[in-house]
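# Quick one, what's the 3D model for this:
(one chain, ligands or ions: 1)
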Amino acid sequence: MPATTTGHHRDIVTATDLTELAGFCDEQAHAVSFYFSLATTPDNSHREEFIAVKRLIQQAHESIAPSNVPTSLAKDLEQILSTADEISLDPARLKVIFACRERQAWQEFEIPTHQSISLLDVGRRFRLRPLMAALQACAPFCVVILESGKARGFVIRGTDIKEITGRLSVEDLSLHAEDSRVGWSRHVETNLEEHEQAYFKRLSRQVHEFMSEQQAAHLVIGCREDLWGEVGPQFANLQNEFIGHFHLTNFEVGPAEVLPMARPLFEEARRQRCVNLLNEINESPSHAALGLDDVLQSLRDGRVQKLVLGALPNQTISECQDCRRMWSEAGHNCVFCGSGRVRYIAAEEGLIRQALTTDSEILLVEEDVIPGFGGAAALLRY
Ligand SMILES: [Zn+2]
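Numbers count the residues shown, from 1 in each chain. Here you go, the predicted structure:
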């Protein structure tokens, strides 16, 4: 795993990063996972962030017998503490660090997600669930706001919004209408409407390109409600990507005002996607795995296309330190190779690691989003 130095964080986590993080294992159990963000801060002194990070470091020291904290681990913890100043600059942004000095590993990310989390874990593996949750919350999506002959494009990643200018054309439609004027106002109106529809159609193709450039899978449109009847049908080519539209009263709106109008549509689409996937799993028993044991076995066989993972608090699975395979029953020996080097690991972390290393898509479900679903389910490839 390539190491970066403190202060050189990245805000994009690649698929390669995830595979490497999932595959990482330190037999000495000195791999540190650190997550910190504060969605709201009581004052501007930023003492709270510093105190909270310091407390996490102290707790980590206390959890390992102090005499057993090796210098390398102590240095990693010290270096994490030194990022507290940086955290104070923007405590709402999630700081994530994965470190293991003995193995020259240091990965530092800043993710624009809006949540409060404070976690420091020292073990053989890196803790990945909070990272996966943050990445899902800030998957990029595009917002296009429209008026007759005018459009503006934005990209949203979590709490970040950026306007991208110069990609969507602006046309004076009234000029077209006047050019072909026949001296009868209704004709002018009809003509204007045709030009408007043609404009939205051209625009929908530009939006498609814009979305590919931004690597965004979803689209939200904002326009006046009375215009939507004309706009909607022209964007039929993007129906798979389209997740909703909102009523826009002022086209000259600032990006910070676009964000709260578009964001709830993205959240709802995410929830709906999980509901639809769970329905699909329920309705296709021959391509479904339900429950921890069944899902784990399908993951092991490389059959899982999509994994839906709820909360699995306090549930553990066994992992063999020799053949690296995982299974759900407790036991002293590996059920595959017979090795005696078996460890218990958190079930959700084990499932996520297996899914990442077998190229399965992961959808995390928060407890309150889909009532009644708590465990694990999967849609199978075959
Ligand atoms: Zn084994």
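# any idea how the chain splits into domains?
The chain breaks down into these domains under automatic domain parsing: 15-137, 141-272, 284-380.
# So what's the gap between stretch 290-307 and the chain middle?
From the chain centre to the centre of stretch 290-307 is a distance of 22 Å (C-alpha atoms, centre = their mean, to the nearest Å).
# about what we covered before: would you turn the domains of the chain into CSV with mean pLDDT?
CSV is the format used below for these (pLDDT from 0 to 100):
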stretch, mean pLDDT
domain 15-137, 90
domain 141-272, 89
domain 284-380, 92
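# can you tell which of those domains is closest to residue 278?
Minimum separation from residue 278 across the domains of the chain (C-beta to C-beta) falls at domain 284-380, 6.1 Å. To be clear about C-beta, it is placed using only N, CA and C from the backbone, and glycine gets the same treatment.
# Start and end of the closest one, how far apart?
Separation of the first and last residues of domain 284-380 by C-alpha to C-alpha, to the nearest Å is 10 Å.
# quick one: it to chain centroid distance?
Distance of domain 284-380 from the chain centroid (C-alpha atoms, centre = their mean) equals 20 Å.
# With stretch 127-147 instead?
In terms of C-alpha atoms, centre = their mean, the centre of stretch 127-147 is found 5 Å from the chain centre.
# Equivalent analysis for stretch 21-32, please.
The chain centroid and the centroid of stretch 21-32 are separated by 23 Å under C-alpha atoms, centre = their mean.
# Distance to residue 278 added to the domains of the chain, as a markdown table?
Formatted as a markdown table, the domains of the chain follow (distance: least, C-beta to C-beta, whole Å):
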| stretch | distance to residue 278 |
| --- | --- |
| domain 15-137 | 16 |
| domain 141-272 | 11 |
| domain 284-380 | 6 |
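# If residue 153 is in a bridge, with which residues?
Counting by DSSP bridges, residue 153 forms beta bridges with residue 144, residue 164.
# what about the helices in the chain?
All helices of the chain, identified by DSSP state H, fall at 15-23, 47-63, 71-81, 84-89, 129-137, 173-179, 185-213, 225-234, 255-283, 292-300, 347-357.
# quick one: which of the ones you listed is nearest residue 379?
helix 255-283 (5.3 Å).
# what angle sits between the closest one and helix 129-137?
Helix 255-283 and helix 129-137 meet at an angle of 110 degrees, taking axes from the mean of the first three to the mean of the last three C-alpha atoms, to 10 degrees as the criterion.
# Helix 255-283: how far from the chain's middle?
Per C-alpha atoms, centre = their mean, the centroid offset for helix 255-283 relative to its chain is 12 Å.
# and of the helices of the chain, who's closest to the ion?
Among the helices of the chain, the nearest to the ion by C-beta to the ion is helix 292-300 (11.7 Å).
# pull the CA atoms of that closest one into CSV?
The C-alpha trace of helix 292-300 is given here as CSV (Å, rounded to 0.1, in the frame of the first residue of the first chain):
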residue,chain,number,x,y,z
LEU,A,292,-25.3,-14.3,7.4
ASP,A,293,-24.5,-17.9,6.8
ASP,A,294,-26.0,-18.1,3.3
VAL,A,295,-24.6,-14.7,2.2
LEU,A,296,-21.1,-15.6,3.5
GLN,A,297,-21.1,-18.8,1.6
SER,A,298,-22.2,-17.1,-1.7
LEU,A,299,-19.5,-14.5,-1.2
ARG,A,300,-16.9,-17.2,-0.7
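# what's the angle between that helix and helix 347-357?
Here helix 292-300 runs at an angle of 20 degrees relative to helix 347-357 (the same axes, to 10 degrees).
# still on that earlier bit, redo the domains of the chain as a markdown table? Include mean neighbour count.
Shown next, in a markdown table, are the domains of the chain (neighbours: other C-beta atoms under 10 Å):
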| stretch | mean neighbour count |
| --- | --- |
| domain 15-137 | 17 |
| domain 141-272 | 16 |
| domain 284-380 | 17 |
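# Please dump those into a markdown table; it should also carry distance to the ion for every row.
Listed next are the domains of the chain as a markdown table, based on distance: least, C-beta to the ion, whole Å:
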| stretch | distance to the ion |
| --- | --- |
| domain 15-137 | 14 |
| domain 141-272 | 37 |
| domain 284-380 | 3 |
